[in-house]
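Visitor: need a 3D model of the sequence below.
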Amino acid sequence: MSNSIFRKDGTAQGVAKQRLIETLAKPNKRVIYDPYAKNFVLGASIIKLMGHKLNVWLGEKIVPGMHEHLISRTRFIDDLIENSASMGIEQYVILGAGYDSRAHRLKLPNNLKIFEVDQPEVQEKKISKLPNNTPNIDNVTYVNIDFKHHSLKERLLDAGFDQRKPTIYTLEGVSQYIPRKALNSTLNEVATLNSNSNSKIFISYVNKLLKEDSKTCFGKGYSKPEKAVNFITKSAAKLGEPWITFYSAEEIEDILSENNFTLTENRTLADLNSKYFTPVGRTIPENHIFKLEHFVIAESKK
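Guide: This is a model prediction of the structure:
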């Protein structure tokens, strides 16, 4: 597996920041709640002082819909994990876990074994910032990978992963940072791990039309989509994490199929707006819809 598949904490901190901002909303207005996000964000006290509305307003001045996009992705995966656990999934593998806090903030059964996979530097920092009374901590196994010597399969098996148990994997916000070969290699290892049991996987990917026809990656009337794309990609590059790989829906479905997975859902913020934001009175207008990243669920072929 490529040593670029899991990176340092630049993007992990950025996503945690958006979870913190959403958590500051009034309980009847927020889409997700993450009491741990503040522990991983530089300047968290200032963000909390500014409050939800001001932080979201400032974000809209830069990239309209970006906050809601990331929060819808978070909630989409939250629902997937909780539903899967209630239907008999016994293991949850978080690939490139970063500052993910689902193990501690979701209502998950005690028998769900969780494996968080990432670089040791990121995991050490995360563990050091978790409160002493963090719930469900005993159900989490941190899996450090030395890419020069180990594969994902080897490290998970060494950590106690059971190949007989149904498993769900998440690869959130990673595919755009790694070569196609690395994504294919990861999916191949996942398929091998669960060749004799049922598994699901969540993958997010960036639409390849990002560069060819950026308007199609946003809602109708979105102001200056090229400017938004330029800001996002340049910001990622400055963090040392450039976006290098993009996919069409057909390409991502083919890669999944080649590795024994059947695509069952492909969603964007445009699909989730009415499900998550309308019920709390925050329906996103069409000209703020951000849909250049897709959220995919696939299941292992029977």
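
Visitor: what ranges does the stretch 1-150 of the chain have for its strands?
Guide: 91-95, 113-118, 140-144 (DSSP state E, counting those that start in this stretch).

Visitor: any idea which of those strands is most buried?
Guide: Most buried of the strands of the stretch 1-150 of the chain, by mean neighbour count (mean count of other CB atoms under 10 Å): strand 91-95, with a mean of 24. Heads up, the C-betas are built off the backbone N, CA and C, glycines and all.

Visitor: so that one versus strand 140-144, what angle?
Guide: Angle of strand 91-95 versus strand 140-144, following axes from the mean of the first three to the mean of the last three CA atoms, to 10 degrees, is 40 degrees.

Visitor: run through who's touching strand 91-95.
Guide: 5-6, 81, 84-85, 100, 102-103, 108, 112-117, 152, 156, 161-162, 165-172, 174, 186, 190 (CB atoms under 8 Å, 6 or more residues apart in numbering).

Visitor: at 7 Å instead, please
Guide: Contacts to strand 91-95, defined as CB atoms under 7 Å, 6 or more residues apart in numbering, come from residues 81, 100, 112-117, 156, 161-162, 165, 167-171, 174, 186.

Visitor: same deal with stretch 259-274?
Guide: Counting by CB under 7 Å, 6+ apart, residues outside stretch 259-274 touching it are 65, 68-69, 72, 76, 187-188, 191, 201, 219, 249, 253, 256, 283-284, 289-291, 294-301.

Visitor: looking at this structure, which helix or strand is least sure?
Guide: Within the chain, confidence by mean pLDDT, DSSP states H and E is lowest for helix 209-212 among all helices and strands, at a mean of 89.

Visitor: roughly how far apart are K48 and I289?
Guide: 28 Å (CB to CB, to the nearest Å).

Visitor: which one's more surrounded, those two?
Guide: I289 (21 against 16; other CB atoms under 10 Å).

Visitor: the more buried one reaches T216, doesn't it?
Guide: No: with contact defined as CB atoms under 7 Å, I289 does not count as touching T216 (11.6 Å).

Visitor: for the residue most central in space within the chain, give me its contacts.
Guide: Nearest to the mean C-alpha position of the chain, by CA atoms, centre = their mean, lies E172 at 2.7 Å. Counting by CB under 7 Å, 6+ apart, E172 makes contact with R73, I77, F202, S204.

Visitor: could you dump these to JSON lines with pLDDT?
Guide: Shown next, in JSON lines, are the contacts of E172 (pLDDT from 0 to 100):
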{"residue": "R73", "pLDDT": "98"}
{"residue": "I77", "pLDDT": "98"}
{"residue": "F202", "pLDDT": "98"}
{"residue": "S204", "pLDDT": "97"}
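
Visitor: can you put those in TSV and add distance to N266 and neighbour count?
Guide: Converted to TSV, the contacts of E172 look like this (distance: CB to CB, whole Å; neighbours: other CB atoms under 10 Å):
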residue	distance to N266	neighbour count
R73	13	24
I77	14	22
F202	11	22
S204	10	21
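
Visitor: list just the nearest of the residues you listed to K129.
Guide: Set against K129, the nearest of those by CB to CB is I77 (21.4 Å).

Visitor: separation between the closest one and T23?
Guide: 16 Å.

Visitor: quick revisit: buried subset of the contacts of stretch 259-274 as a PyMOL selection?
Guide: Those of these that count as buried under 16 or more other CB atoms under 10 Å are selected in PyMOL with:
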select buried, resi 65+68+69+72+76+187+188+191+201+219+253+256+284+289+290+291+294+295+296+297+298+299+300
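
Visitor: what number of residues lie near the nearest residue to Y276 once chain neighbours are set aside?
Guide: Nearest residue to Y276, sequence neighbours excluded (CB to CB, 6 or more residues apart in numbering): V31, at 5.0 Å. By other CB under 10 Å, the residues close to V31 number 19.
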